[in-house]
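Participant: The following comprises the amino acid sequence and a computationally predicted model.
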Amino acid sequence: MAKESENSDIHVLEKDVQKESPNDPVSDSDADSQLNVLRAAGIGIAEDDPTEPILTLRMWVIGIFFCIVVCGLNTLYTLRTPSLTISGSVVLLLAYPLGKLWEKIIPDWTVPLGAWSFPLNPGPFNTKEHTLIYIMSNLSIYVRLGADVLTEQQMFYGYKAGWGFQILITLATFLIGFCLAGLFRSVVVVPKELIWPGVLSVTALTTTLHHISQEQVQSRYNTWKMSRYAFFTMVCCISFCWYWFPDFIFPALSTFNFPCWIKPKNKVVNQIFGMSSGMGLLPITFDWSQVSYVGSPLLIPAWAIVNVAVSLVFWIWIVAVACYYTNVWYTGYLPFQSSKVFDNTGNVYKVKKIVNAASGYKLDVKKYLAYSPVYMPITYALNMFGLSFATLSSLLVWVVLEKRHVMADACRRVPRLVMESLPGRSKAYSEDDRGDPDVPVWWYLVGCVIALFMSIFAVEWWDVELRWYGVLLACLVALVFYPPLALVYATANLKINIDIFCRIVAGFVFEGKVLANIWFFDIGYITTIKGLYFAQDMKLAYYCHIPQRKLFLVQCVGMVVGTLSSLGVLNWALNHITGVCTTDAVNGFSCPFSRTHFNTSLIWGAIGPRRYFSNHIGYSALLYFFIIGAILPIPIYFLSRRYPNSLWKKIHIPLFIGGLNYLPPATGMNYGSWAVVGLIFGVLIRHRVKGWWNKYNFVLSSAMDSSVGIAGVLIFLTIFFTGASDHFSWWGTEVHKVCFGFWFEGLVLTLSLQNTCDFKGCTRLTVPKGGKFGV
């Protein structure tokens with residue numbers, strides 16, 4: 001009966017998005033319903049055709065091609081400053097003309113292959129093939145995370161483990177994330193109330209490109225005459241052309257902090273309105289990549305945006321400001337916001353001053369005591385540590401209060417599902433609601449065993465300082481936190497990070513061992529991120545009526561192909577690019593992400609959390625945030641149950657505490673502009689112009705994301721990579737960094753070039769020349 005329950009959930013999910021009548025009115029209740037959101041994203045607007053070919057030669061060739069190219073390029077670009085990411089939306093758009101071209105020019109021949117045969121041209125290029133191509137190439141997001149850690153180990157710690165270790169550990173982290181998504185599928189994927197907003201732009205774009213039920217959509221929202229396809233094309237072209245201005249021609253449009261241009265030396269003005277090191281209190285930008293830095297705001301539910309916006313106002317614009325201007329933890333001597341850490345002279349902390357490279361970057365206590373403790377800017381200390389601690393405890397309490405019955409039921413069902421899915425059991429338990437063979441739970445359990453073996457063998461055979469029990473502990477961290485993280489991501493499309501927690505745990509267990517710290521981080525944290533994307537793709541497959549076993553095969557092939565492509569490009573780059581991972585590297589291949597990871601792992605691996613939280617600066621007070629996070633969900637839970645129709649129901653404590661996890665390096669400008677745009681579309685337009693929102697909102701998000709992605713790649717390759725940008729400079733490229741000040745002295749007009757305080761990272765308090773601050 002447990003399997004039947006899971007299948008019934010799938011059935012309910014599909015029943016809720018069945019094809020509607022063109023004459024159905026767009027009522028007020030529809031506007032706020034999940035059903036209306038799904039229809040607006042193109043889900044359920046047409047009947048499924050189970051005879052459509054899926055695992056075609058066309059899908060495999062185009063999918064593997066994009067998987068190789070995108071995984072390789074994203075790995076290469078992660079080594080460069082400025083970096084670049086080829087997103088899945090770019091692949092989704094580019095794959096369409098290739099699929100249609102195959103449909104038109106490849107002959108309709110059938111090729112025999114032993115007892116089987118396959119057609120070269122299976123007919124019209126369909127949405128299921130298109131979606132699987134996207135899913136396979138989407139693995140490129142995962143591989144660059146692991147590439148950063150491998151680069152850190154080889155180029156900064158000097159340990160070249162070789163291809164064997166690289167393949168084993170990369171595939172192991174892939175498999176762990178994949179199996180987490182599969183084991184918790186009935187909890188985080190199947191339930192119909194978990195719509196996974198991140199996939200809505202994908203379904204909207206595929207149905208638009210393939211003209212799925214366009215007549216029906218047109219008749220339902222006949223007030224707005226332009227078709228979704230025409231709207232997408234128009235927005236995509238305009239956005240593509242416009243992005244050249246904020247990205248290259250007029251970069252000041254990207255961070256439009258004009259108060260800082262007017263008062264470039266005024267510390268208070270720059271700290272309040274600054275968008276580099278300030279609060280970003282006036283979040284004006286004309287750059288979609290800045291607005292969507294934390295994700296497209298057009299996909300985020302309004303209630304989630306409000307929770308994060310209130311979090312920004314309370315924690316950053318009130319609490320952080322109060323702490324900064326009262327010099328808590330000596331933060332007045334540092335910039336208000338920065339992703340760097342500093343020493344007691346106000347300079348960036350030079351970690352190599354306190355370690356011995358010859359001894360494997362072990363901490364030299366005498367050098368550490370002679371140099372300086374580590375000091376953090378207020379936003380770094382508050383958000384990356386205090387709020388991160390509170391988020392972890394609030395997630396666990398929130399799951400116990402809100403989802404305990406679901407989690408308990410899932411745990412009870414796993415043994416039964418395993419037994420009932422074994423070969424020879426009843427057919428009813430091995431098929432999904434459409435009659436397609438489902439993925440047995442034991443497949444994922446076998447995958448877990450293989451992943452554990454690969455990761456334990458890798459860390460024990462190669463000297464990376466992490467032991468077998470460290471692998472098990474990291475997997476336990478991922479297992480505990482994955483369900484709540486996935487539940488938040490499935491409803492709000494916002495990721496909550498546990499990276500600092502993994503660093504701290506590794507710092508306590510493997511104190512002084514920097515390599516152990518980076519691989520505990522990789523297995524404990526990066527696997528959960530990969531698991532979120534795998535689960536999101538599973539939900540996308542449900543929406544697109546793709547059988548789960550076929551999805552399973554595509555994801556497995558993508559894992560192997562993406563791993564080999566990424567590692568091939570990574571090893572070529574590290575061995576052939578002149579000066580790679582140094583400040584003198586050609587074309588900017590200085591490995592910025594790996595360098596940041598290197599500094600972080602030295603702090604937590606070499607210095608360690610014991611010294612960090614036991615010094616006299618006062619950072620031990622941040623540990624009280626664990627208690628704050630554990631307490632806050634409790635009154636909200638009881639108030640929401642007591643007043644179910646009140647605003648208490650909309651308060652989401654894990655989001656309120658952990659929704660700012662990208663800050664830093666994101667700024668108040670990123671979150672502020674994201675919230676403003678999201679609320680305009682999610683509240684104002686959705687409720688006042690319902691027909692427009694339903695017809696165009698998700699198509700608009702797809703058009704903006706894909707056009708900016710393609711324009712960004714083109715600008716990067718033709719302008720920045722070639723060095724052409726070095727020869728282009730005018731007021732619009734410099735004003736956000738160097739302000740042109742004019743004033744009259746008598747009859748003489750004077751021009752002054754001044755670095756803005758925001759760009760320089762001015763501090764409120766000044767360290768005396770040759771002096772120090774702190775303890």
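Facilitator: All right, it came through fine. In this text the structure is predicted, and so the values were computed from the model without any measurement.

Participant: Where does pLDDT dip in the stretch 1-150 of the chain?
Facilitator: Of all residues in the stretch 1-150 of the chain, those with pLDDT under 70 make up the ranges 1-32, 82, 140-141.

Participant: Validate this expectation: residue 344 resides in a strand.
Facilitator: No. Counting by DSSP: H, G, I helix; E, B strand; the rest coil, residue 344 is not found in a strand; it is coil.

Participant: contacting residues for it?
Facilitator: Contact criterion CB atoms under 8 Å, 6 or more residues apart in numbering gives 372, 373, 375, 772, 773, 774 as the residues in contact with residue 344. Heads up, the C-betas are built off the backbone N, CA and C, glycines and all.

Participant: after the helix or strand residue 268 falls within comes which helix or strand?
Facilitator: Using DSSP states H and E, residue 268 falls within helix 267-273. Per DSSP H and E, the first helix or strand lying C-terminal to helix 267-273 is helix 288-291.

Participant: which residues of this protein fall in strands?
Facilitator: With DSSP state E as the criterion, the chain has strands at 110-113, 116-119, 355-356, 362-363, 738-745, 748-755.

Participant: Sketch out the low-pLDDT regions of this protein for me.
Facilitator: Along the chain, the parts satisfying pLDDT under 70 run over 1-32, 82, 140-141, 213-224, 410-436, 615, 732, 734-756, 758-759.

Participant: residue closest to the middle of it?
Facilitator: Geometric centre of the chain, nearest residue: residue 495, 6.4 Å, by CA atoms, centre = their mean.

Participant: distance of that one from residue 659?
Facilitator: Noted for residue 495: a distance of 10 Å to residue 659, by CB to CB, to the nearest Å.

Participant: follow-up on the earlier one: ChimeraX command for the buried members of the contacts of residue 344?
Facilitator: To isolate the buried members of those in ChimeraX, using 16 or more other CB atoms under 10 Å:
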select :372,373,375,773,774
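
Participant: Tell me how many other residues surround the nearest residue in space to residue 316 that is not next to it in sequence.
Facilitator: Nearest in space to residue 316, with sequence neighbours left out and distances taken as CB to CB, 6 or more residues apart in numbering, is residue 668 at 5.9 Å. By the measure other CB atoms under 10 Å, the count of residues near residue 668 is 27.

Participant: can you check residue 550 too?
Facilitator: Every residue meeting other CB under 10 Å relative to residue 550 is counted, giving 18.

Participant: tell me the contacts of residue 439?
Facilitator: Shown here is residue 439, whose contacts under the criterion CB under 8 Å, 6+ apart are 182, 548, 549, 552.

Participant: Show the buried residues in those.
Facilitator: When burial is judged by neighbour count using 16+ other CB under 10 Å, the buried members of the contacts of residue 439 are 182, 548, 549, 552.

Participant: Between these, which sits nearest residue 51?
Facilitator: Out of the buried ones among the contacts of residue 439, the one with the shortest distance to residue 51 is residue 549. That distance is 17.2 Å, counting by CB to CB.

Participant: Touching, the closest one and residue 437? I think so.
Facilitator: Yes. Using CB atoms under 8 Å, residue 549 makes contact with residue 437 at a distance of 5.1 Å.

Participant: Where do the helices of the stretch 651-775 of the chain begin and end?
Facilitator: When assigned using DSSP state H, counting those that start in this stretch, the helices of the stretch 651-775 of the chain occupy the ranges 653-658, 668-679, 686-688, 690-715, 731-734, 757-760.

Participant: now swap in the stretch 101-250 of the chain and tell me
Facilitator: Ranges of helices within the stretch 101-250 of the chain are 127-137, 140-151, 163-183, 185-188, 200-209, 214-220, 228-242, 244, based on DSSP H, counting those that start in this stretch.

Participant: Next, the angle helix 140-151 makes with the longest one.
Facilitator: Think helix 163-183. On the basis of axes from the mean of the first three to the mean of the last three CA atoms, to 10 degrees, helix 163-183 is oriented at 140 degrees to helix 140-151.

Participant: List phi and psi for the closest residue to residue 154 other than its chain neighbours.
Facilitator: Computed as CB to CB, 6+ apart, the closest residue to residue 154 that is not its neighbour in sequence is residue 160, at 5.3 Å. With angles defined as degrees, to the nearest 10, residue 160 shows backbone torsions of phi -100, psi 100.

Participant: and residue 160, how many residues sit next to it?
Facilitator: The local packing count at residue 160 equals 13, with neighbours defined by other CB under 10 Å.

Participant: Wait, it touches residue 166, no?
Facilitator: No. Look at residue 160 against residue 166 with CB under 8 Å: they stay out of range, at 9.8 Å.

Participant: re earlier: wait, isn't the residue nearest to the centre of the chain in contact with residue 660?
Facilitator: No. Contact between residue 495 and residue 660 fails when scored by CB under 8 Å: they sit 11.7 Å apart.

Participant: Mind checking the helices of the stretch 101-250 of the chain for the one nearest to residue 469?
Facilitator: Smallest distance to residue 469 across these (CB to CB): 16.0 Å, for helix 163-183.

Participant: could you pull out the helices for the stretch 251-400 of the chain?
Facilitator: 258-262, 267-273, 288-291, 302-311, 321-325, 365-371, 378-379, 388-420.

Participant: quick revisit: from the contacts of residue 439, pick the one nearest residue 55.
Facilitator: When the contacts of residue 439 are compared for distance to residue 55 (CB to CB), residue 549 wins out at 10.1 Å.

Participant: ok, the nearest residue to residue 486 once chain neighbours are set aside - how many residues close by?
Facilitator: Excluding the flanking residues, the one nearest residue 486 by CB to CB, 6+ apart is residue 188, at 4.0 Å. The local packing of residue 188 (other CB under 10 Å) involves 30 other residues.

Participant: how near is residue 188 to residue 524?
Facilitator: Taking CB to CB as the criterion, residue 188 is separated from residue 524 by 19 Å.

Participant: Same check on residue 604?
Facilitator: From residue 604 across to residue 524, the span is 13 Å (CB to CB).

Participant: Now for those two: what residues contact both?
Facilitator: Residues touching both residue 604 and residue 524 (CB under 8 Å, 6+ apart): residue 506.

Participant: Please name the residues that touch the nearest residue to residue 78 once chain neighbours are set aside.
Facilitator: The shortest distance from residue 78 to any residue other than its chain neighbours is 4.5 Å, reached at residue 144 (CB to CB, 6+ apart). Contact analysis of residue 144 by CB under 8 Å, 6+ apart lists 74, 75, 78, 85, 566.

Participant: switch to 6 Å and redo it
Facilitator: Residue 144 makes contact with 74, 75, 78 under the criterion CB atoms under 6 Å, 6 or more residues apart in numbering.
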